[in-house]
Each structure stands twice: as C-alpha cells, then as structure tokens.
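[1] Got a predicted structure here, sequence first:
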Amino acid sequence: MEDQKLISITGKFTYVLFRSDQTMYTVAKFRTYDASEKTVTVTGSIPVPENDVLYTLSGSYVEHPRYGMQFQIAGMSVSLPSEKEGAVRYLSGASFPGVGRKTAQKIADTLGDDCLQQIRSDPECLRLVPGLSEKHIMTISEGIKQEDSGLDDLVRFLNISGIGYRNLVRLNRTYGAEALSKIRENPYRVIEECDGFGFATADKIAKSLGVSDDDERRLYALLVSACMDLCVSQGNSYVRYEALADDFQRRTAGLNADFDELLSQAVMKRQLIQEEERIYPVTQYDAEMYISDFLHQFPYKEINPCDMDHVYRYLDAMQDDIGITYDDKQKDAIRCLFDNPVMIMTGGPGTG
C-alpha cells in the first residue's frame, strides 16, 4: 500500500461480513455517498463501525485473487459533510450529464458554498469558473432551471440526514420549493407520494427531524408498511387480521399504539382494504379486482381442439429458423396454453 497513491471514499457501512475482535480486522460492505451510491467491499483493521454514520476511508483498491476488487483501508475518520460537499455531489449527479466531480468541485471552489443559489440567480456567474466550457455552462444552467427553487435547503438536508443523492432528486422533483415544508409536515408522506421511498427511508428522515417513535404519523405509516411487507414475504395479496395485529404489536413493543384505531384510519383513507378478516394493501386489492373483472368480462368462446403434433412441428421449424431451443418445461407451458381457457405464467424477466 505504501507504493500506491492513497485515495479517499466517503459513505456508510451497510453490512459487516467478518470481524476479529482481537485484531480488529474487518471485511464489510460500504455504500459510497455520491451520485453513484455504489457498494464496495472494504477491508482493514478498524474500530467497530457504527450504523448510519458517515465515514471517510483512505486507502487503495486492490485485486484479491479469490474475492475480486476490494478497497484496502489505511485510515478511517468520521466525515462531517459541508454545504460545499453537498453542492459538489449534486452538480456531479445525473441531472447534469457530462459534469464530473472535478468540474463540480472547481465550480464550488470558485463560487463558494452558496454556488447553487448564485447559479440559479445568475447563470452567467459560471463564466467566472476557470476553464469551464460553454457546453458545461449550458448543461448546468438548463439543469438548474428544471429543478425548482428550494434546492439549497434540500442539499443542506441531505448533508444533515444522509438520505442519499437519488432521494434528494426525487424529493425535489416531486415537491419543488415546498419539499422541506411538506416533509416537516409529515415525513412519512413520501412513501405514497415519491417513487423509491419505503418506510425505512421515511423513518430515517423523520428521526433526523426529531419525530418520536410513538408519533401517530409514524405508527400509521408503520402499520401500512407492515401489511405490505407481510403480503410480499408470504406471496399473498392480503394478510389475516390476527397476523397483522401480532406483527404490528411486535414492531411497536413498548409504545402506546392503538392497532384498531390506526387500522380504521387506514381503511377510511383507503390505504388498506378490509374484507372480513382479510386486510389488503390498496394496490394489491385494486390489482386483484382488475384481474377478476377482466376475466369476468372476457369474451370466452369455444374453439376446436388443437392438434399438438402440428404445434410441435411448427415449434421445431421455428427453433431451427431463429436458432433457439425450448426445453420440456417450456413446451409443457405452450401445451397448457392450448389446453386451458386461462393460464397464469410466472418467472423472471424474459419468461414471457
């Protein structure tokens, strides 16, 4: 490592794969705090890393013969991000194609911590940045115009709460200048109103705003999220009342939470649907109703039985023509299509 130039990466530890308490040698996953938000494997003798703390690691990338590319840690410190760092991350992000981190850093160094406000007020200030091309000036000017005001506040919020660049962009595009006021009003609204937000991220934002664990807004969002989590984990479109109540009580142990009152609110707001003992997330319920209505109204008609020998001869010819081969399961699925009025096919991408 001494012969290699040290570099620095900033981010958070997400998972410890291995740790020796005697030597402090640690192998962990580390998510970088930049526009890429990539996850890298890091190794080194370090103190126990804390959850949800921003660290700056110095070291170098090395190729492990068995485990591939890893970042070998030479030093570690808690990172205290500045407003300037937030501006650099923003300007080097996806909203400004072609503007890399070095260019963004040059802009921030030249214009200062309030560079985003300056650019929004007068894009011509970009001409003060040495060596900045006309293409970069146009890209940044147009990108800033597309993002509504309130951006500076969101950048500060990003640095305080560490919610990640992608979520910063989602919040700004959804709420614009009202982003922080909307979030402060109810941080859990982002689950329903912004793509890509789940309860964990919303709860993280709420905690940075000082929302208590027994806040009714939090308990309500937790209930709705718990219902969907149970459905997904069980592969069902609904969960039984008793199962949801037990799971919610487990998640809220020690808190003053009225399950039935919160469930009533969720049903009234049509975020959950209750049919007897069955509790549906509204998206699952609507999807199930759409499918059943579609099948009910489908114009069924009897067709003559199909000669499967003819079908298989056609498949053989097609396989030879386009250079593919169907396995036995795929052929069974094709036969099922001809033998049954309705067919449900599941599988990964490309199955259809």
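    The structure has been received and is ready for your questions.
[2] Which helix runs longest in the chain?
    Longest helix in the chain by number of residues (criterion: DSSP state H): helix 216-234.
[3] what's the helix or strand following that helix packed up against?
    Using DSSP states H and E, the helix or strand that follows helix 216-234 in sequence is strand 239-240. Helices and strands touching strand 239-240, by 3 or more Cβ pairs under 8 Å, 6 or more residues apart in numbering; DSSP states H and E, are helix 216-234, strand 278-281. Where you see a C-beta, it was placed from the backbone N, CA and C, and this is true even at glycine.
[4] Residues contacting the next helix or strand after strand 239-240, please?
    Sequence-wise, the next helix or strand downstream of strand 239-240 (DSSP H and E) is helix 241-251. With contacts defined as Cβ atoms under 8 Å, 6 or more residues apart in numbering, helix 241-251 is touched by 222, 223, 226, 227, 230, 257, 259, 263, 274, 277, 278, 279.
[5] related to what we said a few turns ago, could you check the longest helix of the chain and say which residues are buried?
    Buried residues in helix 216-234, defined by neighbour count with 16 or more other Cβ atoms under 10 Å: 218-231.
[6] what does stretch 188-206 give?
    Residues of stretch 188-206 classed as buried: 188-191, 194, 197, 199, 201-206 (neighbour count, 16+ other Cβ under 10 Å).
[7] Let me see the residues that make contact with it.
    52, 161-163, 166-167, 170-171, 174, 182-183, 187, 215, 217-218, 220-222, 224-225, 271.
[8] Alpha carbons of the strand or helix carrying residue 207, in PDB - could you do that?
    Assigned by DSSP H and E, residue 207 belongs to helix 199-208. Only the C-alpha atoms of helix 199-208 are listed here, as PDB (Å, rounded to 0.1, in the frame of the first residue of the first chain):
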ATOM      1  CA  PHE A 199     -40.800   3.100   5.500                       C
ATOM      2  CA  ALA A 200     -37.100   2.700   6.500                       C
ATOM      3  CA  THR A 201     -36.000   5.700   4.500                       C
ATOM      4  CA  ALA A 202     -39.000   7.800   5.600                       C
ATOM      5  CA  ASP A 203     -38.400   6.800   9.200                       C
ATOM      6  CA  LYS A 204     -34.700   7.900   8.800                       C
ATOM      7  CA  ILE A 205     -35.800  11.300   7.600                       C
ATOM      8  CA  ALA A 206     -38.400  11.500  10.400                       C
ATOM      9  CA  LYS A 207     -35.700  10.800  13.100                       C
ATOM     10  CA  SER A 208     -33.500  13.500  11.700                       C
END
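[9] Now do that helix: distance to the chain's middle.
    Relative to the centre of its chain, helix 199-208 is centred 13 Å away, using Cα atoms, centre = their mean, to the nearest Å.
[10] And stretch 240-258, by the same measure?
    On Cα atoms, centre = their mean, the centre of stretch 240-258 falls 26 Å from the chain's centre.
[11] Please put the alpha-carbon coordinates of it into PDB.
    C-alpha atoms of stretch 240-258 as PDB (Å, rounded to 0.1, in the frame of the first residue of the first chain):
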ATOM      1  CA  ARG A 240     -55.200 -12.000   8.100                       C
ATOM      2  CA  TYR A 241     -56.200  -9.500  10.700                       C
ATOM      3  CA  GLU A 242     -54.700 -11.500  13.600                       C
ATOM      4  CA  ALA A 243     -51.400 -11.900  11.800                       C
ATOM      5  CA  LEU A 244     -51.100  -8.200  11.000                       C
ATOM      6  CA  ALA A 245     -52.100  -7.300  14.600                       C
ATOM      7  CA  ASP A 246     -49.400  -9.700  16.000                       C
ATOM      8  CA  ASP A 247     -46.800  -8.300  13.700                       C
ATOM      9  CA  PHE A 248     -47.700  -4.700  14.500                       C
ATOM     10  CA  GLN A 249     -47.600  -5.300  18.200                       C
ATOM     11  CA  ARG A 250     -44.100  -6.900  17.900                       C
ATOM     12  CA  ARG A 251     -42.800  -3.900  15.900                       C
ATOM     13  CA  THR A 252     -44.300  -1.400  18.400                       C
ATOM     14  CA  ALA A 253     -43.400  -3.200  21.600                       C
ATOM     15  CA  GLY A 254     -43.200  -0.700  24.500                       C
ATOM     16  CA  LEU A 255     -45.000   2.000  22.500                       C
ATOM     17  CA  ASN A 256     -48.500   3.300  23.100                       C
ATOM     18  CA  ALA A 257     -50.100   2.200  19.800                       C
ATOM     19  CA  ASP A 258     -53.800   1.600  19.200                       C
END
